[in-house]
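Novice: Sequence plus the predicted model coming up.
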2 protein chains.
Amino acid sequence: MNSFTEENYLKAIYHLSEGNNAVVSTNGIAEVTNTKAASVTDMLKKLADKKLINYIKYRGVTLTDTGLNAAVHIIRKHRLWEVFLVENLGFKWDEVHDIAEELEHINSTMLIDRLDDFLGKPAADPHGDPIPDRTGNFKHKKHVKVSDMKLGQAGTISGVNEHSSVFLKHLEKLGLTLGTKIMITELIEFDGSIMLSLDSKNERTISREVAKNILVII
Amino acid sequence: MNSFTEENYLKAIYHLSEGNNAVVSTNGIAEVTNTKAASVTDMLKKLADKKLINYIKYRGVTLTDTGLNAAVHIIRKHRLWEVFLVENLGFKWDEVHDIAEELEHINSTMLIDRLDDFLGKPAADPHGDPIPDRTGNFKHKKHVKVSDMKLGQAGTISGVNEHSSVFLKHLEKLGLTLGTKIMITELIEFDGSIMLSLDSKNERTISREVAKNILVII
DNA sequence: AATAAAATTTAGATTACTCTAAATTTTTAA
DNA sequence: TTAAAAATTTAGAGTAATCTAAATTTTATT
């Protein structure tokens, strides 16, 4: 069994590689785990010994099949708990991240399978992120970043890349919640800002930084 | 904030003192926490520094008000999660202890209050143990051990003192579940065994050890 | 009351994870 | 293509929780 801390490293590596098994850097991991690069190096050696990652000194890290599987199951737990918190306990989408971060480390396959059944085997969490099934398979929805959309293109908001409360509250204030239909009405050359219409009515301007963290289905 | 481990010691002390603030011994704690007495001594010093316990070297331990409050809140969390597991996820009463043991350390007052509401503010967990409210108050049901009952006395099973799966499965096999009405039909002098009738029908014999761990309301 | 047994504490070490500071390797850019 | 900057690793040390073995205190028993 992997420790709480090991699980957090695996999850960090998974997220940094965007699920694509892209090579991940020591500093990148240090940043998202709130540790120092030296501590990360120590842990990488340990994870490599346990055959959870492929690690080449100075060159970076990828997950092995075992490591990927472990990471995906932690993510499954995290997202199922988020659904429970929002659907059953009445939390808002910007309030669930930290609690799910703790709940995701509870280890019981039976618990998670039964939670999954109880929730009706949901396909996505409250932020639109897909939930893998018990074998670890995702049904991959094709998400596009708003920052990659062309002028005049339309789509439906289907997810976010950033789960912090500040960001999600901001989206809510702008009316940019899951399911909202948007269309790009103007691309500002100066700073990369984007103007878009909401459900064919109101118009909004968002910064490039915000646009990068909103996902749509076209 | 107290660590996972500190919380387990507080809970152990609470249970050993039977909620009565009776003095608890180092060896007693070592046994229920699966550690060695030397490790317990180290931790007791730490808990005393944090003013969670009253500790006199060689003489034993009681909880301070702060320590008692912390312990009661951990127990509240444990019991609420047990209700959730049985009522909503379909677990049996002998399957929930270990999972609740992990869930009880999740720290979020908001989570627990909302879980409490979601469950309908239950008064007892699946083993009949009372659940304190958010201020830490128990509505104390008067429980009597079957081993303390007199010949001819009747009562309704309302709780157990032992939560292991082996014990609970045994009770189930005998039909001795919560809510069952029993009457003492014979007290065996030889070994302290007790014979009782179930819902005025079947008769059962249980050992003194079993009788000590079943609670009834008279 | 003296001594043996039991309970408890101290001393010294170990494991998991973390850190700072210094050394090494890789990348970037003149 | 080489020097400076950035990234990474190593060395050495610290904290939390644990352990064994030895020392001390309490309790039980003659």
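Specialist: Here it is on my side, so go on.
Novice: If you count neighbours, what's buried in the helix or strand hosting residue A:110?
Specialist: Applying DSSP states H and E as the criterion places residue A:110 in helix A:109-119. Judged by neighbour count (16 or more other Cβ atoms under 10 Å in any protein chain shown), helix A:109-119 contains these buried residues: A:111, A:112, A:114, A:115, A:116, A:118. Where C-beta positions appear, they are placed from N, C-alpha and C, glycine not excepted.
Novice: contacting residues for the nearest residue to the third one once chain neighbours are set aside?
Specialist: Taking Cβ to Cβ, 6 or more residues apart in numbering or on different chains as the measure, residue A:114 lies nearest to residue B:89, with 4.2 Å between them; neighbours along the chain are not counted. By Cβ atoms under 8 Å, 6 or more residues apart in numbering or on different chains, the residues touching residue B:89 are A:111, A:114, A:115, A:118.
Novice: Can you name every helix or strand that the strand or helix carrying residue A:80 contacts?
Specialist: Take DSSP H and E as the rule and residue A:80 turns out to sit in helix A:65-87. Applying 3 or more Cβ pairs under 8 Å, 6 or more residues apart in numbering or on different chains; DSSP states H and E, we find helix A:65-87 packed against helix A:4-16, helix A:97-103, helix A:109-119.
Novice: The second one near chain B at all?
Specialist: Read it as helix A:97-103. Yes. Helix A:97-103 is in contact with chain B by Cβ under 8 Å from any Cβ of the partner chain, via A:98, A:99, A:102, A:103.
Novice: Could you find the closest non-adjacent residue to residue A:147?
Specialist: Closest residue to residue A:147 apart from its sequence neighbours, by Cβ to Cβ, 6+ apart: residue A:211 at 3.9 Å.
Novice: Surely the one you found touches residue A:188?
Specialist: No. Residue A:211 is beyond contact range of residue A:188, at 10.7 Å (criterion: Cβ atoms under 8 Å).
Novice: okay, and the common contacts of these two?
Specialist: Counting by Cβ under 8 Å, 6+ apart, the common neighbours of residue A:211 and residue A:188 are residue A:194.
Novice: Comparing these two, which residue is more hemmed in?
Specialist: residue A:211 (19 against 12; other Cβ atoms under 10 Å in any protein chain shown).
Novice: is it true that that one lies in a helix?
Specialist: Yes. Under DSSP: H, G, I helix; E, B strand; the rest coil, residue A:211 falls within a helix.
Novice: can you tell me which residues contact it?
Specialist: Contacts of residue A:211 (Cβ under 8 Å, 6+ apart): A:145, A:146, A:147, A:192, A:194.
Novice: For the second one, grab phi and psi.
Specialist: Translated: residue A:146. Torsion angles at residue A:146 (phi, psi; degrees, to the nearest 10) stand at phi -60, psi -30.
Novice: so what pLDDT did it get?
Specialist: Per-residue pLDDT puts residue A:146 at 93.
Novice: Identify the residues contacting it.
Specialist: So residue A:146 contacts A:155, A:182, A:184, A:194, A:196, A:206, A:211, A:212, A:214, A:215, A:216 (Cβ under 8 Å, 6+ apart).
Novice: The fifth one: neighbour count?
Specialist: Going back to what we said before, that points to residue A:196. The burial count for residue A:196: 26, using other Cβ under 10 Å.
Novice: Could you do the first one as well?
Specialist: Here the count is done by other Cβ under 10 Å, and residue A:155 has 20 residues near it.
Novice: Which residue lies nearest the spatial centre of chain A?
Specialist: In chain A, the C-alpha nearest the mean C-alpha coordinate belongs to residue A:161, at 5.6 Å (Cα atoms, centre = their mean).
Novice: how much space between the residue nearest to that one when sequence neighbours are not counted and residue A:145?
Specialist: The shortest distance from residue A:161 to any non-neighbouring residue, by Cβ to Cβ, 6+ apart, is to residue A:213 (4.3 Å). The gap separating residue A:213 from residue A:145 is 8 Å, by Cβ to Cβ, to the nearest Å.
Novice: Likewise for residue A:133?
Specialist: In terms of Cβ to Cβ, residue A:133 sits 26 Å off from residue A:145.
Novice: Over to residue A:152?
Specialist: 17 Å.
Novice: How about residues contacting stretch A:175-185?
Specialist: Residues from elsewhere that reach stretch A:175-185 (Cβ under 8 Å, 6+ apart): A:126-128, A:146, A:149-159, A:171, A:194-200, A:202-204, A:206, A:214, A:216.
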